[in-house]
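Participant: Have a look at this fold, sequence not included:
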């Protein structure tokens, strides 16, 4: 976003002025001049310790400079922060996000539904009765296996597509992990972006259906990949969209359905700026949210659309923080 001119040092059309922080000078003298803080703390994570029975909360270790900023925010609770650090915690944990997405059932849409994928958390790939556990979780092979920690640490994007329970043995994916439903979706992924109350999306090539995956499989064993670098897809093509597409590939997308889900997610997560990925299941038409992330790049959305909406979302967040709705 920086290279796209989203953080100008001169006033924007809606009166915002951005000021970069430097940790070579005291924060107090710099922040005394600002009205709000915009951050991407997920880029400053050093370690995530997942919750357990004795401690139900994930522990996040940030870089020293982020810790310094965190301390300042804690002693200045009236300072507007986009978004509060506690609010981004769910997007760091794939299990927590999956559990949150279960609440989409409350929307009760008519016709096709929107939901999270079926899933199973595992702490050990050699757990007993794995076939039965997959069945009880409504999972059928192939499945995709992801680390529970979603971002901010090494190997968070190391994943695998498994075709047989035997593929789990010695699988090179960090534990604990989430075994997630693999949805046949004709290689079409919808990347949605929520900027305040505005919703945008773009269409991208994605992983192929099961039958094609079987052909991509090299001999026996799982397909292991880094989702940021080597996703097994066909040639990529992008379409810049705003919910009113004439592209035939999008005829099965129910934009209103996803928009309602985006508004629901914004309320539940209490985030101003986030993104999520949707695939449409070929047979059922189910809209499945397969990923949620904080402060994405919006690189698929043209600058003249994304940047003004970005500025508007920031200003609205600030104004609402000063005049909260009762």
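Facilitator: Here it is on my side, so go on. In this text, all values refer to a predicted model and were calculated from it rather than measured experimentally.

Participant: for stretch 202-211, which positions count as buried?
Facilitator: Within stretch 202-211, the residues scored as buried using 16 or more other Cβ atoms under 10 Å are 202, 203, 204, 206, 207, 208. C-beta: built from backbone N, CA, C; applies to glycine.

Participant: do stretch 124-134 as well
Facilitator: Residues of stretch 124-134 classed as buried: 125, 130, 133, 134 (neighbour count, 16+ other Cβ under 10 Å).

Participant: quick check, nearest of the buried residues of stretch 202-211 to residue 276?
Facilitator: Of all those, the one with the least separation from residue 276 (Cβ to Cβ) is residue 202, at 12.4 Å.

Participant: who's the closest one bridged to?
Facilitator: residue 191, residue 240 (DSSP bridges).

Participant: Run a quick check on it versus residue 191, I expect a contact.
Facilitator: Yes - with contact defined as Cβ atoms under 8 Å, residue 202 and residue 191 form a contacting pair (5.0 Å).

Participant: where do the strands sit along the stretch 151-300 of the chain?
Facilitator: 158-162, 177-181, 188-195, 198-205, 223-226, 239-241, 273-280, 287-294 (DSSP state E, counting those that start in this stretch).

Participant: which stretch in those strands is the model least sure about?
Facilitator: The weakest mean pLDDT among the strands of the stretch 151-300 of the chain belongs to strand 239-241, with a mean of 45.

Participant: Look at stretch 282-299 and report the distance between its end residues.
Facilitator: 27 Å (Cα to Cα, to the nearest Å).

Participant: what does stretch 94-107 give?
Facilitator: 21 Å.

Participant: ok so, going back, and which of the buried residues of stretch 202-211 is nearest residue 112?
Facilitator: residue 203 (17.9 Å).

Participant: residue boundaries of the helices in the stretch 201-326 of the chain?
Facilitator: Using DSSP state H, counting those that start in this stretch, the helices of the stretch 201-326 of the chain run over 210-216, 255-269, 303-322.

Participant: export the buried residues of stretch 124-134 to CSV and tack on distance to residue 253?
Facilitator: Listed next are the buried residues of stretch 124-134 as CSV, based on distance: Cβ to Cβ, whole Å:
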residue, distance to residue 253
125, 35
130, 35
133, 33
134, 29
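
Participant: Between the helices of the stretch 201-326 of the chain, which one is closest to residue 113.
Facilitator: helix 255-269 (8.1 Å).

Participant: Measure how that closest one sits relative to strand 287-294, angle-wise.
Facilitator: 40 degrees (axes from the mean of the first three to the mean of the last three Cα atoms, to 10 degrees).

Participant: How about residue 298: what's its closest non-neighbour residue?
Facilitator: Nearest residue to residue 298 in three dimensions, chain neighbours excluded: residue 306, at 4.4 Å (Cβ to Cβ, 6 or more residues apart in numbering).

Participant: what sits against that neighbour?
Facilitator: 4, 6, 193, 195, 200, 298 (Cβ atoms under 8 Å, 6 or more residues apart in numbering).

Participant: quick one: it and residue 10, what's the gap?
Facilitator: According to Cβ to Cβ, to the nearest Å, residue 306 stands 19 Å off from residue 10.

Participant: Roughly how far does residue 278 sit from residue 287?
Facilitator: 6 Å.

Participant: whoops, I mixed them up, residue 27
Facilitator: Counting by Cβ to Cβ - residue 27 and residue 287 are separated by 43 Å.

Participant: Out of the buried residues of stretch 124-134, which sit inside strands?
Facilitator: Using DSSP state E to define strands, no part of those is located there.

Participant: what's the closest of these to residue 58?
Facilitator: residue 125 (21.8 Å).

Participant: tally of neighbours for the nearest residue to the closest one once chain neighbours are set aside?
Facilitator: Excluding the flanking residues, the one nearest residue 125 by Cβ to Cβ, 6+ apart is residue 168, at 4.1 Å. Neighbour count of residue 168, defined by other Cβ atoms under 10 Å: 22.

Participant: Could you shift the numbering so residue one becomes 25, and keep it that way?
Facilitator: Understood, numbering begins at 25; the last thing we discussed is residue 192.

Participant: from memory residue 192 sits against residue 154, does it?
Facilitator: Yes - contact status for residue 192 versus residue 154: in contact at 6.7 Å, counting by Cβ under 8 Å.

Participant: pretty sure residue 163 belongs to a strand, no?
Facilitator: No - read with DSSP: H, G, I helix; E, B strand; the rest coil, residue 163 is coil and lies in no strand.

Participant: Burial check on the closest residue to it other than its chain neighbours, number of neighbours?
Facilitator: In space, and not counting its chain neighbours, residue 163 is closest to residue 142: 5.5 Å by Cβ to Cβ, 6+ apart. By the criterion of other Cβ under 10 Å, residue 142 has 18 neighbours.

Participant: how about residue 142, what does it touch?
Facilitator: 161, 162, 163, 204, 205.
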